[in-house]
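A.B. asks: sharing a sequence plus its predicted fold:
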Protein chains: 4
Amino acid sequence: MPTSAREKKSKLILDVAIKLFTTKGFDATKMEDVAKMAGISKGLTYFYFKNKEDLYMAVTKKAYDELKSIFREIFKSKGKNGLQMITDLVTAYIDFTQENRMYNAAILNFMGIMQQYNDEVLKEGIDPLILESEHFQKLLEIHHDCGKIGIQMVTLGMRDGSIRPELQAELTFYTIWAMVIGYERLMGPVGYEGKEIKIHLENWKPGFIKLMQDMLKGTIQATKPQVVQASLF
Amino acid sequence: MPTSAREKKSKLILDVAIKLFTTKGFDATKMEDVAKMAGISKGLTYFYFKNKEDLYMAVTKKAYDELKSIFREIFKSKGKNGLQMITDLVTAYIDFTQENRMYNAAILNFMGIMQQYNDEVLKEGIDPLILESEHFQKLLEIHHDCGKIGIQMVTLGMRDGSIRPELQAELTFYTIWAMVIGYERLMGPVGYEGKEIKIHLENWKPGFIKLMQDMLKGTIQATKPQVVQASLF
Amino acid sequence: MPTSAREKKSKLILDVAIKLFTTKGFDATKMEDVAKMAGISKGLTYFYFKNKEDLYMAVTKKAYDELKSIFREIFKSKGKNGLQMITDLVTAYIDFTQENRMYNAAILNFMGIMQQYNDEVLKEGIDPLILESEHFQKLLEIHHDCGKIGIQMVTLGMRDGSIRPELQAELTFYTIWAMVIGYERLMGPVGYEGKEIKIHLENWKPGFIKLMQDMLKGTIQATKPQVVQASLF
Amino acid sequence: MPTSAREKKSKLILDVAIKLFTTKGFDATKMEDVAKMAGISKGLTYFYFKNKEDLYMAVTKKAYDELKSIFREIFKSKGKNGLQMITDLVTAYIDFTQENRMYNAAILNFMGIMQQYNDEVLKEGIDPLILESEHFQKLLEIHHDCGKIGIQMVTLGMRDGSIRPELQAELTFYTIWAMVIGYERLMGPVGYEGKEIKIHLENWKPGFIKLMQDMLKGTIQATKPQVVQASLF
DNA sequence: AATGAATGAGTCTTCATTCAT
DNA sequence: TATGAATGAAGACTCATTCAT
């Protein structure tokens, strides 16, 4: 919650940037557009954000904050077993990507940067302005936090029997995360296939989640009514 | 295999472009760089490719061609059941993304374009040069072809019992494709988590594939030795 | 008279552009030349004028403004009959074309554009940047204004008896305008004919004006000493 | 009449160039367009014409040849007095400009070049390729020839009494020429004025010619039925 | 805090012309 | 004569960023 005038204006710029990045993309969005839509001068934008990359990193940070709060929210909710948590997380995550294209794009982009960041050679190719941004280090941490929470959910599920105990929590959670990321990216192509392939966006999501659950579910559930259905009661 | 001089030079430019796009990225790569590294004049580049976007689409086409040939190769290989095929496909796909970062990036990028292309509003935001490229329509088809092949693999698996028959082939295949896409994207973050989360790249891949198989495998295999293992004989 | 700093600079650029367009022509004049000679950066030129065509239209506008002020000035001068006004207008117009080659060229060019603009097919051939210029519509009006003033002069002359009353004011004025335009264009060739054709620029102008007057003059003047003729003694 | 294969192809290129210059303008017409539309290779164009300017000069030459033949034709026609000849010439000239926009534009352009050519300073600004063209000198002569013929027509008229004898043939003819040139240029604007100024293209031409005749006609015709006026009844 | 004029490096793209074949 | 691949100079235009006020 921004309180000071400064924080308010900073947030305003950020919101405008998100809107524009979403509509036109990062490259096509000019700093002047941001300023104009925010009703301020071009110069002032640079008072609040060091440069365009910094602004983008700030947007990315906001995106990750949002994502992390989703992770947190679900993790601290009571009365759910691990699989249920994961299911809810995946559902919420998908909604998040759908409702905040830009956020998701920023997160994916940051993951790409992390990839370069881990490679001595590719590291050189990263725009120095990105590395200089005060948000960069924080982002590395937040991403990590999300991972940790997700892994704890899986661990929980393995303990409460909703998830197969022989799985390895870390690998499993990252695999789930991968599924969600890929899901978003494939939304476009799936939406396009209208001719021979009978697959509709509205069908994919439940099927996708069901598959994910099948992948995880513990042996206990084989005889009991399915966790997934249970969550619908 | 290019034969005519024209095709040879065209391929030369393409290869150089791939190299540069991989190293420096699309935006940071100047047409002049491409020309210089190819040992030709700037103008000639425009003789073979209408513009930078067209060149990029050509690169994307090459990437998709490569990908499709992987799909095809595995699909026509004999003596495998459906799950085995999918497993091999996923393995090969992952290798493909690892060895051809640029190719994969181009494919992911194209999927993003498809997403915009399906949305009346976002469609406006696509660079017209991309839509004008002679490769654009072909790319839509090739992507579709890959999807079809993958779906056939799953269908095969459902028939031969290696994949649960109650699954829906289309949804299932796209879910698997999503997993692979996300896997690549998460490689970066996973590689970064060195501190608390004990997950190493070398561990992730087999675990990832195992999970994918668990998600799919048919009831028959419950009593029999696992398909996956079978393939190791 | 420009007042604000912005108007001053805008005028500066315009003046430089006129100088350069006059000397080197529109095509041969680079925006960088304009900037350099104006002592500003290339970018600033684009801050004041959307593009080169817009700058050219601005120059054209200035030319037409100048021309219109000549029309106006003469029209509101007292103590002249219509023929005298037309005579003065033609004289002033010729001086104008001579002293401002560029202005006249811009005006002639614009007339050519108007021609294309009136033809559904040729209209397509007009550089869109020209049509987009904020000056374009204004120019159409200013041209029209000049025509109206000239026609009023002829009308006046027809009423005061200095111009034959049976003439049609519109046709007559446009015919005079045509004469002037052609006069300027033929200055070049006339200046060149040095060998056999004995025609010197200094002789042409008075003869030209006399002919124009002969074409127009009313019956009254046949008996009275003509203001116009008087000036030729 | 082109006979040899060489002349035939040369004429073909010329015709195509005229068509394209007419439609798209000189600058917008690419040598490749010309070649393509002529069904030959780009290189071959340069075999027949030294360069683009040379091609343009060749077009100009063709235009002037055509114009001169109009002058000649009318001049050698029998049974006309001088004024009639001039009237026919003006009529034919106007038709010529209307039917051959490009030709007329080329001629006007050449007149502009002549103007620069006569000025020591402006001369520098002429594209050297134009001066180098083999057609350039010929064009100067042809223009001159046209002038001479026209002057002879006026002289004739002065002798046969159809044109006022006190006029000076040279000045008079060039004034008429000026009228015609201006007429063409003003066609565009005149076509545009639809609102308040009641002037229609179809009305202008006869009025224009009538005025021209009034300007010239000898005293004799005042009492006799005039050929020209007769045509207006 | 705020403005917006000013900068200038950066690049794509065009096209007349040449030349090896 | 004829081709068309190859050249490369030329120039318009953009936009992130700065700075005087």
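C.D. replies: Structure received.

A.B. asks: figure out how far the helix or strand containing A:D95 is from the centre of its chain.
C.D. replies: In this assignment (DSSP states H and E), A:D95 forms part of helix A:82-99. In terms of C-alpha atoms, centre = their mean, to the nearest Å, the centre of helix A:82-99 is set 10 Å apart from its chain centre.

A.B. asks: do the same with stretch A:137-151
C.D. replies: Distance, centroid of stretch A:137-151 to centroid of chain: 11 Å (C-alpha atoms, centre = their mean).

A.B. asks: so is stretch A:116-123 next to chain B?
C.D. replies: Yes - contact between stretch A:116-123 and chain B, assessed by C-beta under 8 Å from any C-beta of the partner chain, occurs at A:116-118. The C-beta positions use only the backbone N, C-alpha and C, and glycine is treated the same way.

A.B. asks: identify, from those residues, the entry nearest to chain B.
C.D. replies: Of all the residues of stretch A:116-123 next to chain B, chain B sits closest to A:N118, with 4.4 Å by C-beta to the nearest C-beta.

A.B. asks: ok, and the closest non-adjacent residue to the closest one?
C.D. replies: B:G191 (4.4 Å; C-beta to C-beta, 6 or more residues apart in numbering or on different chains).

A.B. asks: the one you found: how many residues sit nearby?
C.D. replies: For B:G191, the neighbour count with other C-beta atoms under 10 Å in any protein chain shown is 17.

A.B. asks: relative orientation of the helix or strand containing it and helix B:82-99 in degrees?
C.D. replies: B:G191 is part of helix B:169-192 when elements are defined by DSSP H and E. If you take axes from the mean of the first three to the mean of the last three C-alpha atoms, to 10 degrees, helix B:169-192 sits at 40 degrees to helix B:82-99.

A.B. asks: where does chain A come near DNA strand E, residue by residue?
C.D. replies: Taking C-beta under 7 Å from any atom of the strand, the part of chain A that reaches DNA strand E is made up of A:5-6, A:9, A:40-44, A:46-47.

A.B. asks: closest one to D:M187 out of those, please.
C.D. replies: A:K42 (47.5 Å; C-beta to C-beta).

A.B. asks: can you pull the contacts of that closest one?
C.D. replies: A:31-32, A:35 (C-beta atoms under 8 Å, 6 or more residues apart in numbering or on different chains).

A.B. asks: can you do 6 Å?
C.D. replies: Residues in contact with A:K42 (C-beta atoms under 6 Å, 6 or more residues apart in numbering or on different chains) are A:32, A:35.

A.B. asks: the one 10 residues further on now?
C.D. replies: Applying C-beta under 6 Å, 6+ apart, one finds that A:K52 lies in contact with A:M31.

A.B. asks: that older thread, just give me the closest of the residues of stretch A:116-123 next to chain B to D:F96.
C.D. replies: Looking across the residues of stretch A:116-123 next to chain B and measuring by C-beta to C-beta, the closest to D:F96 is A:Q116, at 69.1 Å.

A.B. asks: what packs against the helix or strand where that closest one lies?
C.D. replies: For A:Q116, the element it lies in under DSSP H and E is helix A:101-117. Where contact means 3 or more C-beta pairs under 6 Å, 6 or more residues apart in numbering or on different chains; DSSP states H and E, helix A:101-117 is packed against helix A:5-24, helix A:52-76, helix A:120-123, helix B:169-192.

A.B. asks: which of the residues in the longest one are buried?
C.D. replies: In this case it means helix A:52-76. A:52-64, A:67-68, A:70-71, A:74-75 (16 or more other C-beta atoms under 10 Å in any protein chain shown).

A.B. asks: how about stretch A:152-166?
C.D. replies: If you call a residue buried by 16+ other C-beta under 10 Å, then stretch A:152-166 has these buried ones: A:152-158, A:160-164.

A.B. asks: can you count the residues close to A:E134?
C.D. replies: Residues lying near A:E134 (other C-beta under 10 Å) number 11.

A.B. asks: which phi and psi does it have?
C.D. replies: Note on A:E134: its backbone torsions stand at phi -60, psi -20 [degrees, to the nearest 10].

A.B. asks: just the CA trace of the helix holding B:G191, in PDB.
C.D. replies: Once non-C-alpha atoms are left out, helix B:169-192 reads as follows in PDB (Å, rounded to 0.1, in the frame of the first residue of the first chain):
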ATOM      1  CA  ALA B 169      -5.100 -37.800 -26.900                       C
ATOM      2  CA  GLU B 170      -5.200 -34.100 -27.900                       C
ATOM      3  CA  LEU B 171      -5.300 -32.700 -24.400                       C
ATOM      4  CA  THR B 172      -2.700 -35.200 -23.300                       C
ATOM      5  CA  PHE B 173      -0.200 -34.500 -26.000                       C
ATOM      6  CA  TYR B 174      -0.500 -30.700 -25.600                       C
ATOM      7  CA  THR B 175       0.000 -31.200 -21.900                       C
ATOM      8  CA  ILE B 176       3.200 -33.100 -22.500                       C
ATOM      9  CA  TRP B 177       4.300 -30.400 -25.000                       C
ATOM     10  CA  ALA B 178       3.600 -27.800 -22.300                       C
ATOM     11  CA  MET B 179       5.800 -29.700 -19.900                       C
ATOM     12  CA  VAL B 180       8.700 -29.700 -22.300                       C
ATOM     13  CA  ILE B 181       8.400 -26.100 -23.000                       C
ATOM     14  CA  GLY B 182       8.300 -25.200 -19.400                       C
ATOM     15  CA  TYR B 183      11.200 -27.500 -18.600                       C
ATOM     16  CA  GLU B 184      13.400 -25.500 -20.900                       C
ATOM     17  CA  ARG B 185      12.400 -22.200 -19.500                       C
ATOM     18  CA  LEU B 186      12.900 -23.400 -15.900                       C
ATOM     19  CA  MET B 187      16.400 -24.700 -16.700                       C
ATOM     20  CA  GLY B 188      17.800 -21.300 -15.900                       C
ATOM     21  CA  PRO B 189      16.200 -20.900 -12.500                       C
ATOM     22  CA  VAL B 190      16.900 -24.500 -11.600                       C
ATOM     23  CA  GLY B 191      20.500 -24.000 -12.500                       C
ATOM     24  CA  TYR B 192      20.600 -21.000 -10.200                       C
END
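
A.B. asks: residues from chain A in reach of DNA strand F?
C.D. replies: Residues of chain A lying near DNA strand F by C-beta under 7 Å from any atom of the strand: A:28-32, A:42-43, A:46, A:51-53, A:129.

A.B. asks: for chain D, state which of those residues is nearest.
C.D. replies: Chain D lies nearest to A:A28 out of those, by C-beta to the nearest C-beta, at 28.8 Å.

A.B. asks: which of the three states applies to that closest one?
C.D. replies: Put simply, A:A28 is coil when judged by DSSP: H, G, I helix; E, B strand; the rest coil.

A.B. asks: ok, for it, nearest residue in space, not its chain neighbours?
C.D. replies: B:G125 (7.4 Å).

A.B. asks: distance-wise, check that neighbour relative to DNA strand E.
C.D. replies: Using C-beta to the nearest atom of the strand, to the nearest Å, one obtains 17 Å as the distance from B:G125 to DNA strand E.

A.B. asks: over to A:I126?
C.D. replies: With C-beta to the nearest atom of the strand as the criterion, A:I126 and DNA strand E are 16 Å apart.

A.B. asks: surely that residue is in contact with A:Q116?
C.D. replies: Yes - judged on C-beta atoms under 6 Å, A:I126 makes contact with A:Q116 at a distance of 5.2 Å.

A.B. asks: the helix holding A:D95 packs against which elements?
C.D. replies: helix A:52-76, helix A:135-160, helix A:169-192.

A.B. asks: distance from the shortest one to the middle of the chain?
C.D. replies: Helix A:169-192 sits 11 Å away from the centroid of its parent chain (C-alpha atoms, centre = their mean).

A.B. asks: wait, does the next helix-or-strand element following it contact chain B?
C.D. replies: The helix or strand immediately downstream of helix A:169-192 is helix A:201-216, counting by DSSP H and E. Yes - contact of helix A:201-216 with chain B (C-beta under 6 Å from any C-beta of the partner chain) involves A:204, A:207-208, A:211, A:214-215.
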